[in-house]
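Enquirer: Fold the following.
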Amino acid sequence: MIQIEKIIRDLHLVRKKSPLIHNITNFVVMNNTANAILAVGASPVMAHSSDEVAAMAAIASSLVINIGTLEAAWVESMLIAGKTALENSVPVIFDPVGAGATPYRSEISREIIEVCKPSIIRGNASEIMALDDRNARTKGVDSVHSSDAALEAAKALALQSGAVVVVSGARDYITDGNRVETVDNGNPMMSRVTGMGCTATAIVATFAAINRDYLEAATHGMYIMGITGEIAALMSKGNGSLQMNFLDVLFNLGEDEIKKNIKL
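Expert: Purely as a prediction, here's the structure:
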């Protein structure tokens with residue numbers, strides 16, 4: 001059972017400790033992701049060279065692996081960083097962007113799960129269903145399935161991989177294969193902003209850095225993401241202003257806003 005007080009506690013811990021979040025992520029979202037991590041109170045680093053990822057992963061508080069702009073040299077760095085994080089008990093948060101869109105993306109996603117053993121996997125419904133070997137399709141990096149349709153696949157993937165699995169959608173599902181949490185906060189306009197899912201992965205990573213109950217951490221992160229997006233959408237005229245307002249709301253988000261807007 002998720003408790004509001006624990007969400008607020010974890011947000012305070014993120015801001016107090018400012019954990020280092022190592023991101024190997026895609027070109028499209030680097031700036032957005034780094035700014036979101038800063039806004040929530042953590043410290044981002046975007047390091048993807050194979051010459052330094054092991055050293056960086058070893059000192060990080062969590063590692064984000066995001067395959068949005070997939071390329072062979074980056075895959076090598078992801079595997080090096082992931083193995084190093086695993087050896088140093090650093091949580092790995094994996095975003096299988098576009099899994100199911102091409103055989104290559106699906107193959108690399110499975111390799112990362114096998115080698116890096118992520119603590120948390122976050123994706124949209126089609127990505128999660130593809131990793132469970134269902135016949136799911138993605139439209140580029142966008143889902144063609146609802147999050148509701150992916151719940152059973154998410155449970156199966158969680159049990160198979162040992163990771164907490166997060167399915168983003170109109171309703172977010174978070175599961176360890178047995179327990180299931182849901183998050184209903186958010187706004188449809190968020191899906192019109194490039195990289196908002198990648199931002200969710202990064203926010204989840206900041207909470208995993210300070211809370212090693214990964215089901216709880218992932219759920220707390222998705223609540224903060226959804227509440228922030230919901231508040232920001234109310235003051236936005238479109239997806240352009242939503243990007244700016246999202247960061248401002250996240251930076252200023254406090255106990256009162258969480259208690260007023262959370263949907264339990």
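Enquirer: which residues in the protein form strands?
Expert: For the chain, applying DSSP state E gives strands covering 20-24, 43-46, 62-66, 92-95, 120-124, 138-139, 142-143, 164-168, 172-175, 180-183.
Enquirer: and the fifth one, how far out from the chain's middle?
Expert: If I follow you right, that is strand 120-124. Chain-centre distance of strand 120-124: 6 Å, with C-alpha atoms, centre = their mean, to the nearest Å.
Enquirer: you'd agree Asp10 is up against Ala208?
Expert: No: counting by C-beta atoms under 8 Å, Asp10 stays clear of Ala208, with 10.0 Å between them. Heads up, the C-betas are built off the backbone N, CA and C, glycines and all.
Enquirer: Quick check: neighbours shared by those two?
Expert: By the contact definition C-beta atoms under 8 Å, 6 or more residues apart in numbering, Asp10 and Ala208 are jointly contacted by Ala217.
Enquirer: Looking at those two, which has the bigger crowd around it?
Expert: Comparing Asp10 with Ala208 by other C-beta atoms under 10 Å, the one with more neighbours is Ala208, at 31 against 23.
Enquirer: For that one, list the residues it contacts.
Expert: Ala208 makes contacts with 62, 91, 93, 119-120, 214, 217-218, 221, as judged by C-beta under 8 Å, 6+ apart.
Enquirer: Which pLDDT value goes with the residue sitting nearest the centre point of the chain?
Expert: Relative to the mean C-alpha position of the chain, the nearest C-alpha, by C-alpha atoms, centre = their mean, is the one of Thr201, at 1.3 Å. In the prediction, the pLDDT value recorded for Thr201 is 98.
Enquirer: Next up, the contacts around the residue nearest to it when sequence neighbours are not counted.
Expert: Distances taken as C-beta to C-beta, 6 or more residues apart in numbering place Asp95 nearest to Thr201, at 4.2 Å, with adjacent residues excluded. Contact analysis of Asp95 by C-beta under 8 Å, 6+ apart lists 25, 64-68, 121-123, 197-198, 201.
Enquirer: residue ranges of the helices in this protein, please?
Expert: For the chain, the helices defined by DSSP state H occupy 4-17, 30-40, 53-59, 72-87, 103-116, 125-131, 151-161, 196-208, 214-234, 239-252, 255-261.
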